[in-house]
Structure formats: structure tokens, C-alpha cells
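Colleague: Give me coordinates for this.
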Amino acid sequence: MGKYERHQAILQLVRGERIHSQEQLRDLLAERSFAVTQATLSRDIRELGLVKAPGPDGRTYYTLPAQPDQTPPLRRLLSTLFVNADGTGNLLILKTLTAGAQPIALALDAEGWPEILGTIAGDDTILVVLRDASQLEPVLQRIRDMAGK
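Modeller: Numbers count the residues shown, from 1 in each chain. The predicted structure follows:
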């Protein structure tokens, strides 16, 4: 079975149940006769645009973005996942709820703000690198406004 069939199986699994780890997803795929390496599975997850979202029990699980094939809108993500932000020089740190950093960083990157060179996301922290230190306060305020803070 090829990549297309594997991708369809992954999407069916993610839509049908809460999958909390790559290992769990890999096991479920193996039950369906798809033997994949961790590297292949990571690539599949990235290509399919899967994100980790916090569940009601506090555990994260793989899901599709709210809008298929699009990054969820930044304003909506910030209003639900953003905790606070602070920065110095041309570095801005955003704190999020657990598992909120990656979806927000993806949405921020998709916005294409010219002031931002790039983002690096962990689980609940995002490093935003700005082009210039003079842009820190305006970007910080825009993010806070979008988050409703």
C-alpha cells in the first residue's frame, strides 16, 4: 500500500478517535497492515497538517486544523490558547496553554507579518524573532489585542 492509502488511513484514524502520540498512531496503523518508521510518520503528520490540540481531560491529541487544508485563524487561536507575552530587544516570548504553542506559531507564520523573521514553538512557549527591536511593542500589542487581553 502506498502513501495515499496510508494518508487516508491516518485521516480516518484521527477523525475516529483521540490519538495522543505518534507511537499510538503507529500501532493503530500496524493493525491495518501499514508498517511505518517514526520518520515517515512524522513526515505524514506534517504533510497532512495535523496539529496537537488539548482535550477536555488535559491530554493532547492529534486533530485536523479547524478549517481543512488551512491554518486555523490566528485571532481564534489566540483568544482560546494565549496566556501572556513578554519580550526584550527583538525577541518576543508567547506563553500558551499546554499544546497551544504549535498551532499559534503555525497561524502566526501563515499571517506573514513583515515584522517577524520566524517562530520556534515548544509545547506551551513560542519564541518570535522580530526583524528589529523597535517592532517589539507594536507586535506585542497587536497580539494582545487579537487575544482580547
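Colleague: Give me the domain ranges for this structure.
Modeller: Dividing the chain into domains by automatic domain parsing, as the record does, gives the ranges 3-63, 74-147.
Colleague: most tightly surrounded among these?
Modeller: Between the domains of the chain, domain 74-147 has the highest mean count of neighbours, a mean of 17, where neighbours are mean count of other C-beta atoms under 10 Å. For glycine as for every other residue, the C-beta is placed from the backbone atoms N, C-alpha and C.
Colleague: In a markdown table: the domains of the chain, plus mean pLDDT.
Modeller: Output for the domains of the chain, formatted as a markdown table (pLDDT from 0 to 100):
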| stretch | mean pLDDT |
| --- | --- |
| domain 3-63 | 90 |
| domain 74-147 | 93 |
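Colleague: any chance you could map the helices in this structure?
Modeller: 3-16, 22-31, 38-48, 74-81, 101-111, 136-147 (DSSP state H).
Colleague: Turn those into CSV, including distance to residue 64.
Modeller: As requested, these are arranged in CSV below (distance: least, C-beta to C-beta, whole Å):
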stretch, distance to residue 64
helix 3-16, 7
helix 22-31, 14
helix 38-48, 8
helix 74-81, 14
helix 101-111, 11
helix 136-147, 23
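Colleague: Nearest to residue 127, out of these?
Modeller: Each of those was scored for nearness to residue 127 using C-beta to C-beta, and the closest is helix 101-111 (8.9 Å).
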